[in-house]
Every structure is written in structure tokens, then in C-alpha cells.
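Visitor: Could you work out the structure for the sequence below:
(2 chains)
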Amino acid sequence: MSLLNVKNLSVILATNDGPARAVRDLSFSLNKGETLGIVGESGCGKSMAALALMGLLPELSETRGEILLDEENLLDKTEAEMCRIRGNRLAMVFQEPMTSLNPVHTVGNQIMEPLQLHLGLSESAAREEALHLMDRVGIPNPEARIDNYPHQLSGGQRQRVMIAIALSCKPDVLIADEPTTALDVTIQDQILELIQNLVQEDGMALILISHDLGVISENTDNILVMYGGAAVEKGGTEQIFNELVHPYTQGLFAAMPKLGRARTMRLVTIPGTVPDLINLPAGCTFTDRCPIATDICRNTPPPLEEIEPRHAVACHHLQEARSRKTEELFS
Amino acid sequence: MTDESRSIPVLEVRDLVRHYRLPRESLFSEPGHVYALNGVTFEIQKGKSFGIVGESGCGKSTLARNVMALEDTDSGSVKILGKEVVGLSFDQLRPLRRHFQMVFQDPYGSLDPHHTVGRIVAEPLAAVGPISKEEKDSRVAEALKSVGLKPQDVSKYPHEFSGGQRQRIAIARALITHPELIVADEPVSALDVSVQAQVLNLLKDLQKEFGVTYMFISHDLAVVEYLCDEVAVMYLGEIVEKGRTEDMFNTPAHPYTRILLDAVPKPGSGQKRSRIKLKGNVTGQTERRTGCVFRDRCPMAQDVCREVKPPLTPVGEAHLAACHFSDEMIKKAQPHS
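Guide: Here you go, the predicted model:
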């Protein structure tokens, strides 16, 4: 029995142009102490899936499916019940530490808030705990920093404060949505290592969302590749990097400049852009950009098929995708 | 150093210094300064790409603004095609601006949302002098075509385009005056991986086609390795290592370069890589420093690093580093695979 079990999650957002299907039939499960990476380009539904888990979707949206946390469906909860779960059992680290911290409250107050709200600590006990948390996430000299406002801290420090807030109530599941995208490589390295250590010490489950395959590769056990709101490939991190199967995963990997690669080699590009979520194609959403798409792709959505235990791919042309080299595919 | 027989470099920067004055904190004390650039020297030959890397706060963007003559320089010299631009007035600079253009980081913020693409792309032509409407239109069409946009896009507005396409518009705007030098400040860091690859390939193609020279600022070392012939690593307003991309990435002679290279996550490399990690972030821009700029964060700093500032010295062919222990660094370096 897994800690978090997501079954056929769909998110439909109401927009001026009609309903946008931001997430479609997403299923995954997560055990205690496990790390799941979600990769994809912007607009592929990664962040919407995370917000759906947290129950933080925009008002005019519809969520279908089941999100089971310890066998309890979070989608059946009332807002009041969700308020007790959010920040307490499920916590999230957002992408931009500048905009997600409140600029008019000190960072100390912001770390103390969940402690007082969820754990019922007194103000002095919460302050004590906040100092401890700041120390734990590696903010130097917490006594001096606790009364600082967010603008007085650097980007890396702010992200540490975000992590301290997320960790304050020892959540079962931590969702980190692009936690290091706005940061320098060296700071990224520090923050990712911090998250890894904390996850290992507390045995919580982590969902790490990123567009950077390097970050995902080094920090996760399992990977879910999303495209057009649905999972196109999933499996163990090693399995996936041993054999990238779905043409989108292959293209994404090949498009990344990698250190130490011959400079004369041209980067592979995936033609076109991500599909419009309002007018999704009837079949496979990658059809228009896929080099091996045929008529069946246009009309029939491909099922997720296991190619080896745990490694599943949604593609009609598995044989062809596996047998050809990426450079040949996208040339 | 410079060989007389070589042609004039497109960009020649000598001892560039830029300090910003901070607001006075008390009536009786001298105001502090941010020492953003402390004597930067480099040159770029025609048709080459020169990369500048470093963490935020290292002075990369200040350098770009000074090279573009967008603000006053304290001292030093910037020569574009052999012509000094430091100290020139705005009006004197105007006719020269056609030779150097800039592409900014954020394709959302750098295009005026109220103007059509045609007007945005045509704007730098004002620096060229009066030209006929027909010529203007044909040059806009030519610039759009060279970046892979359609001629009918001229009447559209920026919001009708995706991030990658907007960056193409920004590149078209930079190309329209047929500049010798394009300064690109993090041009692909706001883009998705697949779109980033398209823009990087486009930049390479344009260089092949028009022989443009790039000064390319990025914090992404993989991108710099892909695009640049030469690289300079900056720390606290100084160049700490400079050389050909292959040499520097294979045998970094400065610990900061090594650490930056090691911090880049590598897909498919498995979870544990042994490496030196860097603590803290860039601080000390407001102090006058003695010794090595990197000494506070350097894992191999010794007493000598606190006292003696290591000069930028040659450690190989066209490869310079400012470290007391660069020989050791090179000996230790194993080629990246």
C-alpha cells in the first residue's frame, strides 16, 4: 500500500476560449522515502498536477479521478479539512522564492505560521522551532536572520526559507516545483543536496518537478515524463536513462546541450511547440512534432504499455522508436 | 601579447573598471561602493563567439552594459572595430551603434507590447540614418526571414508569439543593422530545452552566414561550451580564467571553474558524483580586497591567497588563469567525459 496514490487524475481549467485539459488521466503512486521526478516543457501540465495534489487549483477548475493519501481521497475533502492537511501532511516548495514569500512579513513569522496553526505551538515555542529549522536548512546566523524581511535575503537564502516553511510540520509528502530554476548552478547544487538530505533523514516522499533532465537524473528514483497533460513515459530513473524510448523523451534529451560533447555536433531540435490544451488533438498529443507519426497516431490515443517491468511508454510505434537513433529520428 | 599581423579585433576591452556609489549611510562617513568591474581585459576576433560565465553578482551584466556603452565607464577602454567608445557622447555614439547590438534575457520584457513586430524590428534602423520606406520594409522582411519568421508576421504583436519566437524577433532586431558584434545577455535561459536548442542552432547558423561576432553571457556552462570558441570566467568583477573552450573545460586551471563545471547536473550519470561543493554565494562586492578574489570560498585557499593577489598568468597556449595553484589544478584535471 503506497503513501500517495494518484488514480486517473484529470484537471480541466475553465478559460475564456473554453475548457483547457491541463492534466489528463495521470496515475502514479509514491511510497515513503521515495523520490519521483516529473519532467516536461512548460505548458505540459507539471505544475497543474502539483497544484491539484495540494488542492490549490484556480477556482474555475474541475478535478476528476482520485488522490489517495493513506487511502483517503483528498478530492472528497472540504476546504476546511484540506486546510488541515495542506502544509501539514502535504507541503510544497514553489519555483520563485521572491513571489511566493510574503514581502510584508518577516521570514520568522512566515516559518512560525504553520507551526502555530497546525501543531498548536505557542509563539515562543514556534520561534524556538523556527530558529532550529533555519539552522537545519543552512541559513547562517538564524538569530539575526529571523527578523529579516524576504527582500533582505539572497535568492538562495529565500529558497531555504521556503524549504524551512515546507518542512516545518514534517510533511509526509514534499512537492518541489522547479525549486532551483531561478538559481545559479552552485546554489542549485546546495539546495538539491539539502532537499536530498532532509528527505533521507525524515523519510518523507518527494515529488521533484523540473524541466532539467540533469537535475531529475541525479535526484530521483522514478521518473514521469509529461507531455500535453499526460504521462508519455514512466519508469525507474536508471531504466529510463538506460533506454529513452518515447520520441519526446529522446528529443528532450538530445536537445539539451551537455558538457563535454563535441561542439561541432549540432543540437537536435524538436520542431513546433507544445500543443494547445484547449484544442488537443484526438490521438497522441505529440503527433504534430513526432518524426515517426502516422495516421493511427492522429486518431487514436496510445495506451501506456509496459516494455519491461515498471517501464511504460505511450507510443503506437514502440518498435520503431526503440530501434532508431535519436539523431536519425529528428533530422 | 597581441600579434601585430593579426587583424583588428571586433571588440577590445582593456582594464575596464566600473564602481557604483552606494547611498551615504551616515553624514560623516564616506559612502560605500559596489566594485562591479575591477579591470577586465579581453578581446574578441571577428566571427568568433566569446562566452562569459560566472554566478549572479559576478559583474557579467555590468560588463555587457559597459561594452554596449549603455552607462558611463569609470576607466579603461572599449574599442569596437578599433574605435574607442568610452567617453563618447550619446550623439557621437549613435552612428556607431549599428555595429553593435544586444539581445536581452527576457523575451517578454524586452519587446514593447504596443508595437507591431515590424516596428520593433525596424527600430535600430533609426541609427543608420534616413532610409526609404521600401528599403526599410525589405530589410525587415530579410531580417525576419533570416531568423525563420514569416514576412506576414510584421503586422502581428509580440503577445501572439511564443517565448522562442519572441527571442527570434529580438535576434532579428539585433541583426537588422548588419552589426559586427552582438552582445547576448542570457538569451536562452528563459526558454524551454527544445526551444533553447532551436535558438542556439539559429545563433550558430547566423554566425556561419553573416560572420557575426558574439559576446555571449550565460550561467549555463553546457550552453557556453556548445556555442563559444573562447570563454572567460568571472568572479567579483575580475576575470579569473580565460582560454579556448576545449582547454578550459578539459583542464580548468582555476578552482572556481572546476567547481562551476562540477556543479552542472549530468543526465544519466547516476545519483552520486564525487565533487567539491561550494558553500555560500557571491559576497564581497562592496569591499576592497587584498589577495585572491575567490579566497573566501576556495577549498584550497592558503595563507598566500589571503596576502598576495594572483595575477592572470598564462598556463597554456592562449590559456590564462589567476590562481597560485593553477599548475596543481591542471595536473589534477582529468578530461571530462
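Visitor: Write out the residues of the stretch 1-150 of chain B neighbouring chain A.
Guide: By Cβ under 8 Å from any Cβ of the partner chain, the residues of the stretch 1-150 of chain B that approach chain A are B:Glu55, B:Ser56. Placement of C-beta: from N, CA and C, glycine included.
Visitor: For the stretch 1-150 of chain B, which segments count as strands?
Guide: Counting by DSSP state E, counting those that start in this stretch, the stretch 1-150 of chain B has strands at residues B:11-21, B:33-44, B:49-53, B:75-80, B:83-84, B:100-103.
Visitor: want to try JSON lines for these, with mean neighbour count, mean pLDDT and distance to B:Val212 as columns?
Guide: Compiled in JSON lines, the strands of the stretch 1-150 of chain B are given as follows (neighbours: other Cβ atoms under 10 Å in any protein chain shown; pLDDT from 0 to 100; distance: least, Cβ to Cβ, whole Å):
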{"stretch": "strand B:11-21", "mean neighbour count": "18", "mean pLDDT": "93", "distance to B:Val212": "12"}
{"stretch": "strand B:33-44", "mean neighbour count": "20", "mean pLDDT": "92", "distance to B:Val212": "11"}
{"stretch": "strand B:49-53", "mean neighbour count": "26", "mean pLDDT": "95", "distance to B:Val212": "9"}
{"stretch": "strand B:75-80", "mean neighbour count": "18", "mean pLDDT": "93", "distance to B:Val212": "13"}
{"stretch": "strand B:83-84", "mean neighbour count": "12", "mean pLDDT": "91", "distance to B:Val212": "18"}
{"stretch": "strand B:100-103", "mean neighbour count": "24", "mean pLDDT": "93", "distance to B:Val212": "9"}
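Visitor: quick one, which of these is nearest to B:Leu227?
Guide: Proximity to B:Leu227 (Cβ to Cβ) singles out strand B:49-53 among the strands of the stretch 1-150 of chain B, at 5.4 Å.
Visitor: Dump that closest one to CSV, keeping only the CA atoms.
Guide: C-alpha atoms of strand B:49-53 as CSV (Å, rounded to 0.1, in the frame of the first residue of the first chain):
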residue,chain,number,x,y,z
SER,B,49,32.0,33.6,-30.0
PHE,B,50,33.2,34.7,-26.7
GLY,B,51,31.5,33.3,-23.6
ILE,B,52,31.3,35.0,-20.2
VAL,B,53,30.3,32.8,-17.3
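Visitor: before we move on, back to that, turn the strands of the stretch 1-150 of chain B into a markdown table, columns for distance to B:Val128.
Guide: Listed next are these as a markdown table, based on distance: least, Cβ to Cβ, whole Å:
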| stretch | distance to B:Val128 |
| --- | --- |
| strand B:11-21 | 20 |
| strand B:33-44 | 23 |
| strand B:49-53 | 25 |
| strand B:75-80 | 16 |
| strand B:83-84 | 17 |
| strand B:100-103 | 12 |
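Visitor: Need the residue closest to the centroid of chain B.
Guide: Taking Cα atoms, centre = their mean, the centroid of chain B lies closest to B:Ile217, which sits 2.8 Å from it.
Visitor: my read: that one touches B:Ile182, true?
Guide: No: counting by Cβ atoms under 8 Å, B:Ile217 sits too far from B:Ile182 to count as a contact (11.4 Å).
Visitor: hmm, back to that, quick check: bridge partners of the residue nearest to the centre of chain B?
Guide: Counting by DSSP bridges, B:Ile217 is bridged to B:Ile52, B:Asp185.
Visitor: Spit out the contact partners of it.
Guide: For B:Ile217, the contact set (Cβ atoms under 8 Å, 6 or more residues apart in numbering or on different chains) comprises B:Gly51, B:Ile52, B:Val53, B:Lys60, B:Ser61, B:Leu63, B:Ala64, B:Val183, B:Ala184, B:Asp185, B:Glu186.
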